[in-house]
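J.: sequence first, predicted coordinates after that:
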Amino acid sequence: MGLIEHQFEENVLTTRVDWLLNWARLNSIWPMTFGLACCAIEMMAVGAAHHDIDRFGAGAFRASPRQADLMIVAGTVNFKMGERVKRLYDQMPSPKYVIAMGACATGGGPYFKFGYTVMKGVDRCVPVDVYIAGCPPRPEALLEGLMKLQEKIRRSSVVRRPARMA
Amino acid sequence: MNFDGIHDRLRVIQAPGLLGADLPRAAIPGAKHGESKDAGRGGDAFVLVDPQKIVPFLHVCRDEDRLRFDVLVDLSATDPKAEDPNLWININLLSVERRQRLAIKALLPKTDLKMPSSTAIYRAAQWHERECAEMFGITFVGHPDPRHVLLPDDWVGYPLRKDYVFPKEYHGISCE
Amino acid sequence: MAAEPQGSMTLEEQARVLPSGEREFFLDVHTTDLEVNFGPQHPATHGVMRILMRADGEVITGAQPHLGYLHRCAEKIGENVEWLQYLPYTDRYDYLAAMNNNLGYSMAVEALMPGLELPRRAHMIRTICAELNRIGSHLIAFGTYGLDIGAFTPFFYAFREREWMMALFEKICGARLTYSYIRIGGVFNDAPPGWLEEVGRFCDVFEEKWKEYVDLLVMNQIFVKRTADVGVIPKEMALDFGLTGPMLRGSGVDFDLRRDMPYSLYGEMLKDNAFDVIVGKGEKGTLGDCWDRTYCRVYEMMESIKIVRWCLERIEPGPVLGDIPKVLRIPPGEAYVGIENPRGELGHYVASDGGKVATRVRVRGPSFTNVSVLEDLLPGALIADAIAIIGSTDVVIGETDR
């Protein structure tokens, strides 16, 4: 949320503002083109006409991280690439989200054992919001992951919430 | 030409560095010339070459009229066992006009992993040798650009050797 | 570009008089080369490759490809997992043509098992799947090349056909992208009823759509202007760099492993003259330019349809898996088998010492050698041409880095 997150006490205005901001944000999540490996092909298939991601508002894939909201890490991240992933994540402006697509980005995937340069999950270098399982996940699974992210955005708020216990 | 014809040709022109064919596989007792494969064992026949003379040997393979191997398909190394004193260098050549292949093997002792670079003969060897060098620790003498090609520049160890120990962490991120 | 300093002449004296009578002044401008990082993350969707370019204005003066951003240690894994367990890893190096990778590995391991006989139906289904996958891979090459150059429509058209192809593969083996279907000894299971008829229908529809692709992109004047005479690879350079596949055929070398060193059923097809090998002819520019390579790829799709049709006419019911034991122990030996991948010669060198686990699985990926030519090809080109050249190499980084 950036500047205005958790700044205000709850009142009727903030719920309206919340609803509006969240509605605007979740219907226009613009991903960054960040296909690394085989999952990138399924991400391209999601961008194509059959499983259209544009109907979710997320069809404008931006090349530059400065213009993107969402980084779909599609593919295996190894140590050489992980440093670049971190740098790209830092270059994205808030609010930013990360989807770890596929088994490799979630937890190393088939390269978990004996993959000496593979980072066992991209959450070792960037914070991840949604994990999508599959090798590669079907395009429908990626769309479901996007919808889960939209749920998460719908729940976010400008209101200062007390810390939860347990 | 099939493999035996190529091997004969190499012997006739006295190709430098040629040590034999199909060694160190066990010879078949009573085998006639030309029987270079064991019955019941699969695999390719290969020519055994002295690694230090690989450059003139490849020169002959490329330029000799009946051989004309103009494409270097693969240059790689194998570590057969942790206890084995040698590494195998495997080179595969292809002749486009004659439609024939040649498999070359060179044994490199693990105590002295140096051999001349074949980049001058085949430009394709340049990147393959870089990969061999970083994965096994072989030094290709005379290579124009010995950098890491696949591994990060500060990677420690030679991964494809049989005695490689998997690292525990890299730049603060756990490898487990 | 900087002009030579003219010593102590004034600007007026340095001026050149043109034929039209105007005078042209040269200013003493010094520029330095710009280092552009064509970085691991870029929208030209070929994967994670980094090219460090030095550019003098718009002209590239030096290029150094950096790889390793997708190195997944496939060769080390090959030494640690069993023979059949390695098959899913073979899918993932050239993920656009996974069937061909499976085929290459299976054939290399079968070369070490001399007594093994594959049933004929297995060969037929293998060939059909490999050629359909070749079509799928060339469709992506063609679609994403259009995307790089700036044409968005071919991408959607290519993915329309590819969805049908992936649906066909999903019916036969359950996966859309990484199949692990062609196994050591044959294929995993038989085609479901109706599959072969659907493949026939796909071939018929594809022929019509193929004509659209040729009109839309390959013969499109803008595409021709962007790719003809760009990135010319002469024949000697192609052979010296070890290029294979459409990169080699685009430079005029008539060599295709399926026809010249045939494996599986391709030897039989030669007798029936089932397919031709498409070689670049320098139709739209110089021989060996980017257009020739695209021409090879797009027209090869038609030849693959012919091969699939040949197989469909001759396929008979029967078993699809040869007689292999449950626990696979491969007899000792070494073998190198190279097959024609959509990108070139995919070679697997397997060495066995008789156990359940391989001693060495070496993968010779065609994209590794195809990328090495960029070092010598990019200098001298404009930055926009560099995109066209990189797209025409059709590189898949999973195969480059393994």
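T.: That came in fine, so what should we check first? As the structure is a prediction and not an experimental result, all values here were calculated from the model. Residues are numbered from 1 along each chain as shown, chains lettered A, B, ... in the order given.

J.: going forward, measure contacts and count neighbours with C-alpha atoms only.
T.: Fine.

J.: and the strands in chain A, which stretches?
T.: Using DSSP state E, the strands of chain A run over A:31-32, A:70-74, A:97-101, A:130-132.

J.: of those, which is nearest C:Leu257?
T.: C:Leu257 sits nearest to strand A:70-74 of all the strands of chain A, at 33.5 Å, using Cα to Cα.

J.: helices and strands around that closest one, which ones?
T.: Judged by 3 or more Cα pairs under 8 Å, 6 or more residues apart in numbering or on different chains; DSSP states H and E, the packing partners of strand A:70-74 are strand A:31-32, helix A:38-47, strand A:97-101, helix A:102-107.

J.: pretty sure C:Tyr95 contacts C:Tyr179?
T.: No. Using Cα atoms under 8 Å, C:Tyr95 makes no contact with C:Tyr179, being 9.6 Å away.

J.: ok, and what's touching the longest helix along chain B?
T.: Assignment by DSSP state H gives helix B:125-136 as the longest helix of chain B. Residues lying outside helix B:125-136 but in contact with it, judged by Cα atoms under 8 Å, 6 or more residues apart in numbering or on different chains, are B:72, B:74-77, B:117-119, B:138-140, B:143-151, B:158-161, C:241, C:369, C:372.

J.: can you do 6 Å?
T.: Identification of contacts with helix B:125-136 by Cα atoms under 6 Å, 6 or more residues apart in numbering or on different chains yields B:75-76, B:119, B:139, B:146, B:148, B:158-161.

J.: and C:Phe206, how many residues sit next to it?
T.: When neighbours are counted by other Cα atoms under 10 Å in any protein chain shown, C:Phe206 registers 17.

J.: quick one: secondary structure of it?
T.: Under the three-state scheme (DSSP: H, G, I helix; E, B strand; the rest coil), C:Phe206 adopts helix.

J.: distance check, it against chain A.
T.: Using Cα to the nearest Cα, to the nearest Å, we find C:Phe206 at a distance of 17 Å from chain A.

J.: nearest spatial neighbour of that residue, skipping sequence neighbours?
T.: With Cα to Cα, 6 or more residues apart in numbering or on different chains as the criterion, C:Phe206 has its nearest non-adjacent residue at 7.5 Å, and that residue is C:Glu161.

J.: repeat that for C:Asp91.
T.: Take C:Asp91 and drop its neighbours on the chain: the residue closest to it by Cα to Cα, 6+ apart is C:Ala98, 4.5 Å away.

J.: what pLDDT does residue 135 get?
T.: Let's take chain A. pLDDT recorded at A:Cys135 is 88.

J.: look at chain B instead
T.: pLDDT for B:Met135: 90.

J.: and if you look at C:Gly338?
T.: Listed pLDDT for C:Gly338 reads 89.

J.: state which one residue of the stretch 151-300 of chain C is found closest to chain B.
T.: C:Phe241 (4.3 Å; Cα to the nearest Cα).

J.: mind listing the strands in chain B by residue range?
T.: With DSSP E as the criterion, chain B has strands spanning B:18-21, B:47-49, B:71-78, B:86-95, B:100-109, B:114-116, B:139-141, B:169-170, B:173-174.

J.: quick one: which of these is nearest chain C?
T.: Checking those against chain C by Cα to the nearest Cα gives strand B:71-78 as the closest, at 5.2 Å.

J.: count of neighbours near C:Leu382?
T.: 18.

J.: so what sits opposite it in the bridge?
T.: Beta-bridge pairing of C:Leu382 under DSSP bridges involves C:Val59.

J.: next to chain B, which bits of chain A? Give me the list.
T.: Residues of chain A lying close to chain B (Cα under 6 Å from any Cα of the partner chain) are A:Lys80.

J.: which residues touch residue 128?
T.: I'll assume chain A. Going by Cα under 6 Å, 6+ apart, A:Val128 touches A:Val98.

J.: was after chain C, sorry
T.: C:Ile128 sits next to C:Val308 when contact means Cα under 6 Å, 6+ apart.

J.: what are the buried residues along the helix or strand where it lies?
T.: Per DSSP states H and E, C:Ile128 falls inside helix C:120-149. Within helix C:120-149, the residues scored as buried using 16 or more other Cα atoms under 10 Å in any protein chain shown are C:120-149.

J.: what's the following helix or strand after that helix?
T.: Note on helix C:120-149: by DSSP H and E, the next helix or strand toward the C-terminus is helix C:153-173.

J.: quick revisit: can you redo the strands of chain B as JSON lines with mean pLDDT?
T.: What follows is the strands of chain B, written out as JSON lines (pLDDT from 0 to 100):
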{"stretch": "strand B:18-21", "mean pLDDT": "77"}
{"stretch": "strand B:47-49", "mean pLDDT": "86"}
{"stretch": "strand B:71-78", "mean pLDDT": "91"}
{"stretch": "strand B:86-95", "mean pLDDT": "89"}
{"stretch": "strand B:100-109", "mean pLDDT": "88"}
{"stretch": "strand B:114-116", "mean pLDDT": "90"}
{"stretch": "strand B:139-141", "mean pLDDT": "90"}
{"stretch": "strand B:169-170", "mean pLDDT": "84"}
{"stretch": "strand B:173-174", "mean pLDDT": "79"}
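
J.: can you put these in JSON lines and add mean neighbour count and distance to C:Leu34?
T.: Below are the strands of chain B laid out as JSON lines (neighbours: other Cα atoms under 10 Å in any protein chain shown; distance: least, Cα to Cα, whole Å):
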{"stretch": "strand B:18-21", "mean neighbour count": "18", "distance to C:Leu34": "49"}
{"stretch": "strand B:47-49", "mean neighbour count": "22", "distance to C:Leu34": "46"}
{"stretch": "strand B:71-78", "mean neighbour count": "26", "distance to C:Leu34": "35"}
{"stretch": "strand B:86-95", "mean neighbour count": "20", "distance to C:Leu34": "39"}
{"stretch": "strand B:100-109", "mean neighbour count": "21", "distance to C:Leu34": "43"}
{"stretch": "strand B:114-116", "mean neighbour count": "17", "distance to C:Leu34": "35"}
{"stretch": "strand B:139-141", "mean neighbour count": "17", "distance to C:Leu34": "32"}
{"stretch": "strand B:169-170", "mean neighbour count": "14", "distance to C:Leu34": "32"}
{"stretch": "strand B:173-174", "mean neighbour count": "13", "distance to C:Leu34": "34"}
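
J.: among the ones you listed, which is nearest A:Trp30?
T.: Judged by Cα to Cα, the one of the strands of chain B that comes nearest to A:Trp30 is strand B:173-174, at 29.3 Å.

J.: report the buried members of the contacts of helix B:125-136.
T.: With burial judged by 16+ other Cα under 10 Å, the buried subset of those is B:75-76, B:119, B:139, B:146, B:148, B:158-161.

J.: nearest to chain A among those residues?
T.: Distance to chain A across these (Cα to the nearest Cα) is lowest for B:Pro159, with 8.1 Å.

J.: where's C:Tyr295 relative to chain A, distance?
T.: Counting by Cα to the nearest Cα, the gap between C:Tyr295 and chain A amounts to 23 Å.

J.: buried residues, the one helix or strand that residue maps to. List them.
T.: Per DSSP H and E: C:Tyr295 is located in helix C:290-314. Buried residues in helix C:290-314, counted by 16+ other Cα under 10 Å: C:290-312.
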